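Visitor: Model the following, please.
(one chain, ligands or ions: 1)
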Amino acid sequence: MANERETGGRDVTATPIISILNGPNLNMLGTRQPEVYGRESISDIEALCRAHADGQGFALEFRQTNHEGDLVTWIQEARGRASGIVINAGAYTHTSVAILDALLAAEVPTVEVHLSNIHQRDPFRHHSYVAKAAKGMICGFGSHGYILALDALARLIKGSSQT
Ligand code: DQA
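Guide: Here you go, the predicted structure:
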């Protein structure tokens, strides 16, 4: 049986928590540039994720903020408590060393998500600070990217709990 040291202090007998964190302007989904981001609202995406996470046996936290510091605080809170992070940091992806540092300190498996394919867009969107701390990135699949990210985390978490 895994002890606390092996699990980074997490209680492996409890339902694993996945924290889905969304950054600035994602509260505008549905009306914001639908040709780029689709017509689903952030609540639609939350409902999609909750239904999928239920099936996987995860407890889900789903949050959105327009403030960089909130994202930093939520990432810090995930340390030792959440089994995985899915993050769409919006425009902070391309600017925030603070979010990168928080993710590096958190030591929680992280999957980066973008609704749009950031590599087909403006050159300033091609670089991601988040990517340096993430296990991988999913971009260009719209809201389905969140589901792919949950599946990727499920595999990582199952893999890490095998003795
Ligand atoms: C985004 C891509 C970012 O470049 C942009 O600033 C966003 C949304 C996406 O989900 O495609 O706000 O993260």
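
Visitor: max-length helix in this structure?
Guide: helix 144-161 (DSSP state H).

Visitor: What score does the nearest residue to Val97 once chain neighbours are set aside have for pLDDT?
Guide: Excluding the flanking residues, the one nearest Val97 by CB to CB, 6 or more residues apart in numbering is Tyr129, at 6.0 Å. Where C-beta positions appear, they are placed from N, C-alpha and C, glycine not excepted. Here, the pLDDT recorded for Tyr129 equals 98.

Visitor: So Tyr129 sits against Ala91, correct?
Guide: No. Applying CB atoms under 8 Å, one finds Tyr129 not in contact with Ala91, separated by 11.3 Å.

Visitor: More neighbours: those two, which one.
Guide: Tyr129 (20 against 14; other CB atoms under 10 Å).

Visitor: Quick one: residues contacting that one.
Guide: 93-97, 99-100 (CB atoms under 8 Å, 6 or more residues apart in numbering).

Visitor: Relative to His94, how far out is it?
Guide: According to CB to CB, to the nearest Å, Tyr129 stands 7 Å off from His94.

Visitor: swap in Glu35?
Guide: From Glu35 to His94 the distance is 20 Å (CB to CB).

Visitor: These two - which one has more neighbours?
Guide: Legend: neighbour count by other CB under 10 Å for Glu35 and His94, higher for His94 (16 against 7).
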